[in-house]
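[1] sequence-free structure coming up:
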DNA sequence: TGGAGAGATCGACGATTATCGATGGGATGT
DNA sequence: ACATCCCATCGATAATCGTCGATCTCTCCA
């Protein structure tokens, strides 16, 4: 009669069996791409601002908001754009960014949890 | 009568106003910490395996599952541990990992979306 | 037509990261 | 006691990343 359920009762030295991979590799890479884009304080705050703004936001306002140089702000926004998280529209000399309209349901759910 | 709603009709050259920061800085850093821990294919798959496993998983099984060296697997698991995402329990020679039992609601929701 | 402002890109530099081989430390069994 | 196995840590190396100054393109307006 077994009272204690040991974590791994039948483990044997020298025998290691790989667990099944539950996620498709393509899905993993895709999720990692989005996660890396969000794993930065500046970019995460950018996404938070865009998610709460009904109007598109001029990138010059981000340059005014963060204590970073203009190239750095542009670089961070480019990373969000390459990850497919934001859309850009230019009007005159200004560039306006907004949350991407065609976000995957999973990505949108991710942003709903995060920001 | 305005038919077209322009993105920013009243913008003036040289005038940029920083948007309000919607998230507390501490929350941002905390989220970034978790995101950086998950923003790696190996670690994201590790979390996926642990989330689907009712039993704790011996780390030697991860070493067998991934095409990476034993120190690298140990390093990745340590990063998950430092981020508070997994708990470890040692039994004899073996180290068993499982998803952290005391996860923040936000973090758990994040994992539910991701894996 | 020419100057000025906005924003993207380039090149460089320091910091962080992913990876490995080598080593150390604890538990097991002979 | 000693060899063996598992796992963590250390040290090194190559790659990626964040940041900035300099520069380029484009648009607008005088």
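    Great, that's in hand. What you are looking at is a predicted structure, and each value in this text was computed from that prediction instead of being measured.

[2] what ranges do the helices span in chain A?
    Assigned by DSSP state H, chain A shows helices spanning A:25-38, A:41-52, A:59-65, A:70-82, A:105-114.

[3] tell me which parts of chain A are close to DNA strand D?
    Counting by Cβ under 7 Å from any atom of the strand, chain A comes close to DNA strand D at A:13-16, A:36, A:39-40, A:42, A:67-72, A:75-76, A:79, A:92-93. The C-beta positions use only the backbone N, C-alpha and C, and glycine is treated the same way.

[4] In PyMOL, select just the buried ones from those.
    Applying 16 or more other Cβ atoms under 10 Å in any protein chain shown to those, the buried members can be selected in PyMOL as follows:
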select buried, chain A and resi 16+36+39+40+42+76+79
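
[5] circling back: in a markdown table: the helices of chain A, plus mean pLDDT.
    Formatted as a markdown table, the helices of chain A follow (pLDDT from 0 to 100):
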| stretch | mean pLDDT |
| --- | --- |
| helix A:25-38 | 97 |
| helix A:41-52 | 98 |
| helix A:59-65 | 98 |
| helix A:70-82 | 98 |
| helix A:105-114 | 98 |
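
[6] would you turn those helices into a markdown table with distance to DNA strand C?
    Below are these laid out as a markdown table (distance: least, Cβ to the nearest atom of the strand, whole Å):
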| stretch | distance to DNA strand C |
| --- | --- |
| helix A:25-38 | 9 |
| helix A:41-52 | 12 |
| helix A:59-65 | 3 |
| helix A:70-82 | 3 |
| helix A:105-114 | 18 |
